[in-house]
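Visitor: predicted coordinates and the sequence they were generated for:
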Amino acid sequence: MMDRGTLLTILCGLQLTNDSSWCYANSIVCCLLWLRMCVQPTFDAWGCRYDEIMSFFCQCDSETVALADAPWFCQILRRWGPVHGQNDSAEFTQAILDWIGATAINMRWERRVAIHDVLQVFDSSNASTPITLTITDEMHHSGHCDLSHMLQHWAQENSMSAALTQAPVCICLHIDRYFQSSDGTIVKSNSAVSLDTEVSVPIFVAEGLQSEMQGYIPIAGTTHFGEDLAGHCQAVLKLQPGVLHEVQPIAWLITNDMVPPQPTWHIPAMFAQTLTVIWLVRTDCLSLPLYPMPRANAAQMMTDAAATQDLLMLLQAHPGANCKS
């Protein structure tokens, strides 16, 4: 397997083609690849199929790649079975995670209730299905959604207790942007979801109703502009904060079809308002990558640093000078 630095360079220059409504798949695959880059390299629970996906991109002769040319992608589509066209990102996420079967990603949860002091499991989910969070009427009108608050609301729905059955390294959330307003109409919300803070995720302690909170950091998300089965999907990917040059700090990458991911400091408002699938890494397992400096920029920085050092040496050599580097 290719070393992490080389793979990071490949991903930061990757251009996924879209000749026939593949944007939903392109954005989810970008997030899935990035997820692996954001976990400490010593951790190994991804499985051979995850390595197969990584190897496909490492062996490509060009930075421009069509997912439809990948045997593993065609296999996922055959197993999934929907008609080709613009499809739902969350549904595709479940399909690709079900095929990969990586133990690092596990959204298995239960909704428990005690009836006459007898514990019962009212509902549950499998490991590959993203946790669906709903936007309440209050969140919609405030224009802002906090993931910790959304998970707290999910954990207490219908006066029951819901939580993950374990604390996996990675989890995936699905934001259901359609909700029923107070007057009964179905509304799509554009409330912004923040990815800047740690998220508290409930984890069952044992077989009872008690749960404890585990911290997770959002590291990637997929947006969906437009209506169901139409519109366009893109991804946002979290970087270790850095500086591209003296006037451009960076902390995120924004993907789009046919172009390399573009570095930026803030997630644009229109992206925060359309996030639908969000990927998180457990805080103690997080290892955010630093954006690989383009060669031209790196060479310029070295030149500038050398020029600064030469100037300091010249000043220090001047009689009476007392300059410190």
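Guide: Good, I have the coordinates.

Visitor: pick out the residue closest to the middle of the protein.
Guide: Ala220 (1.8 Å; CA atoms, centre = their mean).

Visitor: helix/strand/coil for it?
Guide: strand (DSSP: H, G, I helix; E, B strand; the rest coil).

Visitor: these two touch, right, it and Trp279?
Guide: Yes - the criterion here is CB atoms under 8 Å, and Ala220 meets it with Trp279 at 4.4 Å. Every residue, glycine included, has its C-beta placed from N, CA and C.

Visitor: rewinding a little: contacting residues for the residue nearest to the centre of the chain?
Guide: Contact analysis of Ala220 by CB atoms under 8 Å, 6 or more residues apart in numbering lists Cys30, Cys31, Trp34, Leu35, Cys38, Ala235, Val236, Leu237, Lys238, Ile278, Trp279.

Visitor: tell me the pLDDT at the residue nearest to the fifth one when sequence neighbours are not counted?
Guide: When you say that, I think you mean Cys38. Excluding the flanking residues, the one nearest Cys38 by CB to CB, 6 or more residues apart in numbering is Ile219, at 4.4 Å. Listed pLDDT for Ile219 reads 98.

Visitor: Ile219 reaches Leu286, doesn't it?
Guide: Yes - taking contacts as CB under 8 Å, Ile219 lies within contact range of Leu286: 7.4 Å.

Visitor: need the residues touching each of the two.
Guide: Cys38.

Visitor: ok, these two, which is more surrounded?
Guide: Ile219 (24 against 19; other CB atoms under 10 Å).

Visitor: residue contacts, that one?
Guide: Ile219 is in contact with Trp34, Leu35, Cys38, Leu237, Lys238, Trp279, Leu280, Val281, Leu286, Leu288, counting by CB under 8 Å, 6+ apart.

Visitor: these in helices, which ones?
Guide: Using DSSP state H, the subset of those located in helices is Trp34, Leu35.

Visitor: got the contacts of Ile219 as JSON lines, with distance to Gln248 columns?
Guide: Shown next, in JSON lines, are these (distance: CB to CB, whole Å):
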{"residue": "Trp34", "distance to Gln248": "21"}
{"residue": "Leu35", "distance to Gln248": "25"}
{"residue": "Cys38", "distance to Gln248": "22"}
{"residue": "Leu237", "distance to Gln248": "17"}
{"residue": "Lys238", "distance to Gln248": "17"}
{"residue": "Trp279", "distance to Gln248": "25"}
{"residue": "Leu280", "distance to Gln248": "27"}
{"residue": "Val281", "distance to Gln248": "26"}
{"residue": "Leu286", "distance to Gln248": "24"}
{"residue": "Leu288", "distance to Gln248": "18"}
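
Visitor: I appreciate the help and will end here.
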